[in-house]
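Visitor: turn this into a model:
(one chain, ligands or ions: 2)
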Amino acid sequence: MAVIKESKKNSKIEYLLRKVPAKDVSITPGVAELIEKAERDGVETVWHRFLAQQPQCGFGLLGICCRNCNLGPCRIDPFGYGPTRGVCGATADTIVARNLIRMIAGGAAAHSDHGREVAHVFHLVAHGKVKGYKITDTEKLIAVAKRYGIPTENRKPKDIAKDLAEIIFNDFGKQDEEPLATTEAYAPESRKRVWIKLGVMPRNIDREIVEIMHRTHIGVDADPLNLLLQGVRAAIADGFGGSLIATELQDIMFGTPKPVKSEANLGVLKEDTVNIIVHGHVPVLSEKIVEAATSKEAQKLAEEAGAKGVTIAGMCCTGNEVLMRRGIPPAGNFLMQELAVATGAVEAMIVDYQCLMPSLPDVAACYHTKIITTMPIAKIPGAVHMEFSPEKADEVAMEIVKTAIENFKNRVPAKMYIPKDKMDLVAGFSLEAIVSALGGTLKPLLKLLRDGTIKGIAGIVGCNNAKVIHNNSHVTITKELIKNDILVVGTGCWAIAAAMHGLLKPEAAELAGDGLRKVCESLGIPPCLHMGSCVDCTRILNAISAIAEALNVDTPDLPVVGSAPEWMSEKAVSIGTYFLAHGVFVHLGTIPPVLGSPTVTKILTDDVERYLGGKFYVEPDPVKAARTMIDVIEEKRRKLRWPY
Ligand code: SF4
Ligand code: MSK
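Guide: Residues are numbered from 1 along each chain as shown. Ligands and ions are numbered 1, 2, ... in the order given. Below is the predicted model:
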């Protein structure tokens with residue numbers, strides 16, 4: 001129970017408050033107040049648990065512990081006084097490389113299983129086997145089908161969809177050595193040549209993940225470079241055969257995002273309505289929840305329950321999905337999920353999968369909130385499980401919404417506090433929306449890049465991490481970059497951080513350098529563009545590829561950088577690696593567990609550039625990191641002989 005019953009735990013909470021003032025934990029308005037409220041209510045949060053874990057295991061932080069077999073666990077002495085090999089003979093280099101690519105396997109598995117779920121629903125839609133979903137964006141369906149060479153002339157959308165579903169299913173299941181159809185359809189030719197030469201062209205997402213698990217089993221691959229190359233192959237497979245499939249099919253079924261106005265932060269919750277939060281990643285359920293919650297039936301039921309309607313808000317990437325397609329406001333990003341419950345004003349938090357804290361039901365136990373799990377693969381002890389299936393999507397969604405409404409009567413006003421803070425935003429900049437804002441072609445952007453009005457593009461992605469001040473690195477890096485005329489595009493929890501700090505408002509153009517500011521003002525857009533959820537990092541990849549092809553250069557030549565300032569998840573490792581594979585200079589703001597092997601560290605931060613054109617750069621200081629990214633962009637411009 002997070003309702004801290006033992007005096008020992010209570011004293012720990014008080015101790016933490018004395019040790020770390022809440023204001024030093026987060027820069028986001030409302031967070032400090034709610035941490036204090038949580039402590040008063042006797043509820044522990046992620047920050048309390050993070051401190052309770054100190055000091056974290058030094059071997060783990062360096063990546064030099066291994067428990068891949070029962071001869072272990074083994075650990076390597078980083079100072080050379082103790083063991084330099086595991087029981088089987090594995091060195092630090094082998095162990096670090098194995099551990100890192102197992103992280104990539106985890107991230108790629110999460111993205112691709114999400115993609116697979118969406119593909120299954122799409123297959124049902126194509127074959128007319130499901131009522132609750134449909135093809136919403138036929139134009140996108142045709143554009144995607146053309147990429148795969150599927151005939152589209154004079155054909156019904158459902159027939160095109162059947163062919164597309166077949167090819168995508170085959171990408172998941174095929175056993176031959178040929179590249180994924182999706183990589184062939186989307187990757188720039190110049191990159192494919194590099195990947196083939198290096199032996200990292202992916203064959204099948206499942207196979208690349210399985211191969212990582214095989215190679216990292218005791219007694220298989222011990223060569224750090226060979227292991228890391230398989231990590232690159234699995235990450236590329238994720239980029240195309242997992243994440244991109246999710247993005248494209250979600251757009252076809254739920255609509256391709258267009259600019260939409262909304263608000264962000266905990267202040268989007270309302271005192272007098274039923275409040276429902278959708279949290280997780282996959283929109284197949286949350287789209288239905290939004291439909292059900294905004295229906296006349298739900299509004300009427302809420303009024304009968306004494307509320308002034310139903311408010312629905314998002315959290316993490318499910319939040320991003322429903323924000324960019326429906327304008328549903330996000331209540332916060334990853335580290336704020338428990339605080340949303342601690343407002344005492346949430347009737348139900350409906351979760352699908354990924355980035356859900358298993359502590360949520362414990363926090364909810366202190367209030368009246370119901371944590372409702374919906375996916376058979378993501379149950380949490382203490383939560384209510386209401387299983388979702390595409391065939392019964394509408395019924396399940398309405399049942400869940402009704403459960404939330406019925407719970408309104410259990411709200412305890414004395415335990416309720418909603419911070420007032422919220423911020424206006426514009427989200428929904430899919431690549432299609434960006435091209436449309438530019439008048440139907442990328443040409444104006446290319447001209448602005450060439451003449452230096454916009455110096456470069458930075459893709460900022462990823463999570464929150466309790467190791468650093470919440471949202472500080474996201475916001476600081478973003479402000480530094482736009483001040484230097486670098487257009488920022490991004491996804492995931494960065495997008496929600498940027499929104500809560502006013503960086504997704506067109507007015508944020510005031511913070512940009514002269515060139516970027518004028519462009520934003522003339523187009524009426526913010527200097528930071530919300531491109532979606534974690535899987536939508538592939539929208540950024542598609543943008544980079546389209547720009548490179550239009551300029552007839554390879555992707556590493558572009559004045560483009562990537563950053564994951566506060567990353568924590570395995571998915572972020574996979575994303576960072578597929579950006580690296582596209583030749584992007586990728587900044588990491590929290591230190592990956594690789595420093596126990598100078599060999600692996602050097603490969604990732606130096607040698608890899610010779611093979612792929614990009615490399616990782618690790619810097620926790622956001623100002624220094626931004627400066628380096630600006631320098632990299634200027635260097636790329638110099639090489640292109642563009643003004644810098
Ligand atoms: Fe130890 Fe080797 Fe087994 Fe890892 S695989 S636990 S290093 S014996
Ligand atoms: S939700 S993976 S904390 S971005 Fe996509 Fe945020 Fe990272 Fe989860």
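Visitor: can you pull out the low-pLDDT segments for the stretch 201-350 of the chain?
Guide: Judged against pLDDT under 70, the stretch 201-350 of the chain has no low-scoring part.
Visitor: which residues in it form helices?
Guide: Using DSSP state H, counting those that start in this stretch, the helices of the stretch 201-350 of the chain run over residues 205-215, 224-238, 245-254, 283-293, 296-304, 316-326, 337-342.
Visitor: quick one: contacts for the residue lying closest to residue 449 once chain neighbours are set aside?
Guide: Nearest residue to residue 449 in three dimensions, chain neighbours excluded: residue 559, at 6.9 Å (Cβ to Cβ, 6 or more residues apart in numbering). (C-beta placed from N, C-alpha, C; glycine too.) Residue 559 makes contact with 449, 455, 456, 457, 633, 634, 636, 637, 640, 642 under the criterion Cβ atoms under 8 Å, 6 or more residues apart in numbering.
Visitor: now neighbour count too, for these, in a markdown table please.
Guide: Formatted as a markdown table, the contacts of residue 559 follow (neighbours: other Cβ atoms under 10 Å):
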| residue | neighbour count |
| --- | --- |
| 449 | 23 |
| 455 | 25 |
| 456 | 25 |
| 457 | 23 |
| 633 | 24 |
| 634 | 18 |
| 636 | 21 |
| 637 | 19 |
| 640 | 16 |
| 642 | 16 |
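Visitor: the residues you listed: which ones sit near ligand 2?
Guide: Among the contacts of residue 559, no residue lies close to ligand 2 (Cβ under 6 Å from any ligand atom).
Visitor: from these, which land in helices?
Guide: 449, 633, 634, 636, 637 (DSSP state H).
Visitor: could you identify the most distant pair in the residues you listed?
Guide: Spatially, the most separated pair among the ones in helices among the contacts of residue 559 is 449 and 634, at 13.0 Å (Cβ to Cβ).
Visitor: so for the two, which residues contact both of them?
Guide: With Cβ under 8 Å, 6+ apart as the test, residue 449 and residue 634 both reach 455, 559.
Visitor: related to what we said a few turns ago, closest to residue 423 among the ones in helices among the contacts of residue 559?
Guide: residue 633 (27.9 Å).
Visitor: residue contacts, that closest one?
Guide: 455, 456, 458, 486, 559, 560, 561.
Visitor: excluding residues flanking it in the chain, which one is nearest residue 376?
Guide: Of all residues not flanking residue 376 in the chain, residue 387 sits nearest, at 6.2 Å (Cβ to Cβ, 6+ apart).
Visitor: neighbours of the one you found, just the number please.
Guide: For residue 387, the neighbour count with other Cβ atoms under 10 Å is 11.
Visitor: kindly report the same for residue 421.
Guide: Other residues close to residue 421 by other Cβ under 10 Å number 16.
Visitor: pretty sure it belongs to a strand, no?
Guide: No - applying DSSP: H, G, I helix; E, B strand; the rest coil, one finds residue 421 to be coil, outside a strand.
Visitor: ok, it - contacts?
Guide: With Cβ under 8 Å, 6+ apart, residue 421 has these contacts: 28, 29, 30, 265, 266, 267, 500.
Visitor: for residue 350, same thing?
Guide: Neighbouring residues of residue 350 by Cβ under 8 Å, 6+ apart: 276, 277, 278, 279, 285, 286, 289, 372, 374, 400, 404.
Visitor: now those residues as a markdown table including neighbour count and distance to ligand 1?
Guide: Below are those laid out as a markdown table (neighbours: other Cβ atoms under 10 Å; distance: Cβ to the nearest ligand atom, whole Å):
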| residue | neighbour count | distance to ligand 1 |
| --- | --- | --- |
| 276 | 28 | 45 |
| 277 | 31 | 41 |
| 278 | 32 | 40 |
| 279 | 29 | 36 |
| 285 | 25 | 39 |
| 286 | 30 | 40 |
| 289 | 31 | 44 |
| 372 | 23 | 39 |
| 374 | 26 | 37 |
| 400 | 25 | 43 |
| 404 | 29 | 46 |
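Visitor: so which of the residues you listed comes closest to residue 39?
Guide: residue 277 (21.5 Å).
Visitor: distance of the closest one relative to residue 381?
Guide: 20 Å (Cβ to Cβ, to the nearest Å).
Visitor: could you do residue 531 as well?
Guide: Residue 531 is 35 Å from residue 381, by Cβ to Cβ.
Visitor: of all the helices of the stretch 201-350 of the chain, which one is nearest ligand 2?
Guide: Nearest to ligand 2, of all the helices of the stretch 201-350 of the chain, is helix 316-326, at 3.4 Å by Cβ to the nearest ligand atom.
Visitor: what's the longest helix along the chain packed up against?
Guide: Counting residues, the longest helix found in the chain (DSSP H) is helix 92-126. Counting contacts by 3 or more Cβ pairs under 8 Å, 6 or more residues apart in numbering; DSSP states H and E, helix 92-126 is packed against strand 65-66, helix 157-173, helix 205-215, helix 224-238, helix 245-254, helix 283-293, helix 570-581, helix 598-602.
Visitor: just want the most central residue of this protein.
Guide: residue 534 (2.6 Å; Cα atoms, centre = their mean).
Visitor: in space, what's closest to residue 74 - neighbours in sequence excluded?
Guide: The nearest residue in space to residue 74 (Cβ to Cβ, 6+ apart) is residue 86, at 3.4 Å.
Visitor: I'd like the next helix or strand past the worst-scoring helix or strand of the chain on mean pLDDT.
Guide: Across the helices and strands of the chain, mean confidence by mean pLDDT, DSSP states H and E is lowest for helix 7-19: a mean of 54. Following helix 7-19 in sequence order, the next helix or strand is helix 31-40 (DSSP states H and E).
Visitor: flag every residue of the protein that's near ligand 1.
Guide: Near ligand 1, when you scan the chain using Cβ under 6 Å from any ligand atom, you find 66-69, 71-74, 86-88, 90, 95, 218.
Visitor: same thing but 5 Å
Guide: Proximity of the chain to ligand 1, by Cβ under 5 Å from any ligand atom, involves residues 66, 68, 69, 71, 72, 74, 86, 87, 88, 90, 218.
Visitor: which of those residues count as buried?
Guide: 66, 68, 72, 74, 86, 90, 218 (16 or more other Cβ atoms under 10 Å).
Visitor: quick one: residues contacting the last one.
Guide: By Cβ under 8 Å, 6+ apart, residue 218 lies in contact with 68, 69, 71, 88.
Visitor: which bits of the stretch 401-550 of the chain sit near ligand 2?
Guide: So far as Cβ under 5 Å from any ligand atom goes, the stretch 401-550 of the chain lies against ligand 2 at 463, 492, 493, 534.
Visitor: if we use 6 Å, what do you get?
Guide: So the stretch 401-550 of the chain meets ligand 2 at 462, 463, 492, 493, 533, 534 (Cβ under 6 Å from any ligand atom).
Visitor: ok, the stretch 251-400 of the chain next?
Guide: 281, 316, 317, 333, 334, 355.
Visitor: in a markdown table, list the contacts of residue 633 along with pLDDT.
Guide: Output for those, formatted as a markdown table (pLDDT from 0 to 100):
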| residue | pLDDT |
| --- | --- |
| 455 | 98 |
| 456 | 98 |
| 458 | 98 |
| 486 | 98 |
| 559 | 98 |
| 560 | 98 |
| 561 | 98 |
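Visitor: quick check: of the residues you listed, which lies closest to residue 164?
Guide: residue 560 (29.4 Å).
Visitor: I figured that closest one was touching residue 456, is that so?
Guide: Yes - contact between residue 560 and residue 456 holds when scored by Cβ atoms under 8 Å: they sit 6.2 Å apart.
Visitor: and for those two, which residues touch both?
Guide: Shared contacts of residue 560 and residue 456, counting by Cβ under 8 Å, 6+ apart, come down to 633, 636.
Visitor: would you convert the helices of the stretch 201-350 of the chain into TSV that also reports distance to residue 525?
Guide: Shown next, in TSV, are the helices of the stretch 201-350 of the chain (distance: least, Cβ to Cβ, whole Å):
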stretch	distance to residue 525
helix 205-215	34
helix 224-238	30
helix 245-254	20
helix 283-293	24
helix 296-304	33
helix 316-326	14
helix 337-342	29
